[in-house]
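Engineer: any chance you can model this:
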Amino acid sequence: MTPVPDCGERSYLGSGKLAGRRAVLVLVPNAAHQSVHENREDITDEEFDHTFRLNMGHYFSLVKAALPHLNPGASIIATAGRPEGRV
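Structural biologist: Residues are numbered from 1 along each chain as shown. Down below sits the predicted model:
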């Protein structure tokens, strides 16, 4: 599976805005895709793969790219959520 570049990668890493910077102190990857279904059985394999790639792939790509710029004591803040009562 190859992560799809998201707007964070294109905006900051792709344009070289981290080049020459001394450190990243806090990284907060925040992007998500979520489909709402009444039943888990309605989720297709393709939809699951698409959702996983977007929701996890960007975390992996951004953290991997930021690692050389993180000082000791830097933080990576990961968040997650779902609508109440939905699958």
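
Engineer: every contact and neighbour count from this point should use C-alpha atoms.
Structural biologist: OK.

Engineer: which regions of this structure lie under the pLDDT threshold?
Structural biologist: When residues are selected by pLDDT under 70, those of the chain lie in 1-22, 82-87.

Engineer: now the strands for it?
Structural biologist: 24-27, 70-76 (DSSP state E).

Engineer: looking at these, which is buried most?
Structural biologist: strand 24-27 (a mean of 15; mean count of other C-alpha atoms under 10 Å).

Engineer: now the strands of the chain as JSON lines including distance to Gln34?
Structural biologist: Shown next, in JSON lines, are the strands of the chain (distance: least, C-alpha to C-alpha, whole Å):
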{"stretch": "strand 24-27", "distance to Gln34": "22"}
{"stretch": "strand 70-76", "distance to Gln34": "22"}
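
Engineer: and Glu38, which of those is closest to it?
Structural biologist: For the strands of the chain, the distance to Glu38 is smallest for strand 70-76, at 33.1 Å, taking C-alpha to C-alpha.

Engineer: so how far is Phe60 from the closest residue to Leu27 other than its chain neighbours?
Structural biologist: Once flanking residues are discounted, Leu27 sits nearest to Ile76: 4.8 Å by C-alpha to C-alpha, 6 or more residues apart in numbering. Distance from Ile76 to Phe60, counting by C-alpha to C-alpha, to the nearest Å: 11 Å.

Engineer: that'll do, ta.
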